[in-house]
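Chemist: Sequence plus predicted model, see below.
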Amino acid sequence: MSDAKGVLIRQEEAVLLIDEIDDEKTRDLVGALFAALWQETRAGVSPACDFDLEFFARVFIRFAGKHELIKAIVDGGELGSWPD
């Protein structure tokens with residue numbers, strides 16, 4: 001097992017993206033995820049390799065904006081194919 005530790009990169013860019021989210025539900029979901037990520041890093045947990053927060057923010061913002069999909073997942077509903 002490797003002792004290599006990665007770092008969080010492009011943090012400022014990720015924060016700027018999050019600040020630009022207009023939809024309150026999406027912003028809350030993304031904010032909660034990033035709060036959990038910060039809690040882990042403050043607790044001394046680090047990624048095994050460098051972790052691009054801007055890229056991760058872009059992907060999660062796209063997902064978090066799909067409120068009906070998230071509701072279906074939480075409710076245990078049938079998802080079918082992944083929506084565009």
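Modeler: Arrived safely. Numbering: from 1, shown residues only.

Chemist: So what does the residue nearest the centre of the chain have for phi and psi?
Modeler: Central residue of the chain (CA atoms, centre = their mean): Phe60, 4.3 Å from the mean position. Phi and psi for Phe60, reported as degrees, to the nearest 10, are phi -70, psi -30.

Chemist: pretty sure it contacts Leu33?
Modeler: Yes - counting by CB atoms under 8 Å, Phe60 does reach Leu33; the two are 6.0 Å apart. For every residue, glycine as well, the C-beta is placed using N, CA and C.

Chemist: Any stretches of the protein with poor pLDDT?
Modeler: 1-4, 79-84 (pLDDT under 70).

Chemist: Okay, buried residues for stretch 27-46 please.
Modeler: Arg27, Leu29, Val30, Leu33, Phe34, Leu37 (16 or more other CB atoms under 10 Å).

Chemist: What distance do you get for Ala36 to Val45?
Modeler: 11 Å (CB to CB, to the nearest Å).

Chemist: If you could redo that for Glu12, that was the one I meant.
Modeler: Taking CB to CB, one finds Glu12 at 21 Å from Val45.

Chemist: isn't Ala48 right up against Lys5?
Modeler: Yes - applying CB under 8 Å, one finds Ala48 in contact with Lys5, separated by 7.4 Å.

Chemist: Moving C-terminal from the longest helix anywhere in the chain, which element do we reach first?
Modeler: Longest helix of the chain, by residue count under DSSP state H: helix 24-42. Next in sequence after helix 24-42, counting helices and strands by DSSP states H and E, comes strand 51-52.

Chemist: Parallel or antiparallel, list what pairs with that following strand.
Modeler: Strand 51-52 pairs in its sheet with strand 8-9 (parallel), by DSSP bridges.

Chemist: got the contact list for the strand it pairs with?
Modeler: Thr41, Pro47, Asp50, Phe51, Asp52, Leu53, Glu54 (CB atoms under 8 Å, 6 or more residues apart in numbering).
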